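A.B. asks: One predicted model, sequence on top.
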Amino acid sequence: MNDFITQGGFAAYVWPAYGISALALALLGFWIGHEYRQAKAKLAALATLERDAP
């Protein structure tokens, strides 16, 4: 287990890289969710306008 944690002496490079990657994936997930909610709201607004048009 200690070998896994020390990563063969490269732990100072490996673990921050894992952390940065995990953070980037989490931020992308939040960004995609935000964009999805905005697009859904815009589509609902357009549908309302179309429905109310004569």
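C.D. replies: Happy to help now that I have it.

A.B. asks: where does this protein have its least confident helix or strand?
C.D. replies: Sorting the helices and strands of the chain by mean pLDDT, DSSP states H and E puts helix 2-6 at the bottom, at a mean of 91.

A.B. asks: tell me the SS of A39?
C.D. replies: Here A39 is recorded as helix under DSSP: H, G, I helix; E, B strand; the rest coil.

A.B. asks: What is the neighbour count of it?
C.D. replies: 10 (other CB atoms under 10 Å). In short, each C-beta sits where N, CA and C put it, glycine included.

A.B. asks: That one and A12, how far apart?
C.D. replies: 41 Å (CB to CB, to the nearest Å).

A.B. asks: what do you get for L49?
C.D. replies: Going from L49 to A12 by CB to CB gives 56 Å.

A.B. asks: Also I5?
C.D. replies: Distance of I5 to A12, given as CB to CB: 12 Å.

A.B. asks: One more: S21?
C.D. replies: Distance from S21 to A12, by CB to CB: 16 Å.

A.B. asks: Next: A44.
C.D. replies: Distance, A44 to A12, using CB to CB: 49 Å.

A.B. asks: got it, and L23?
C.D. replies: To A12, L23 is 17 Å away according to CB to CB.

A.B. asks: Check A24 too.
C.D. replies: 19 Å.

A.B. asks: One more: R51?
C.D. replies: With distances taken as CB to CB, R51 is found 59 Å from A12.

A.B. asks: Ok, P54 next?
C.D. replies: Distance of P54 to A12, computed by CB to CB: 68 Å.

A.B. asks: what do you get for M1?
C.D. replies: 18 Å.

A.B. asks: Who has more neighbours out of these two?
C.D. replies: Legend: neighbour count by other CB under 10 Å for M1 and A12, higher for A12 (9 against 5).

A.B. asks: per-residue pLDDT, that one?
C.D. replies: A12 is assigned 95 on the pLDDT scale.

A.B. asks: change the start of the numbering to 25 and stick with it
C.D. replies: Renumbered: residue one is now 25, and that last one reads A36.

A.B. asks: how far out from the middle of the chain is the helix or strand hosting it?
C.D. replies: Using DSSP states H and E, the element containing A36 is helix 35-76. Put simply, helix 35-76 sits 5 Å off its chain's centre (CA atoms, centre = their mean, to the nearest Å).
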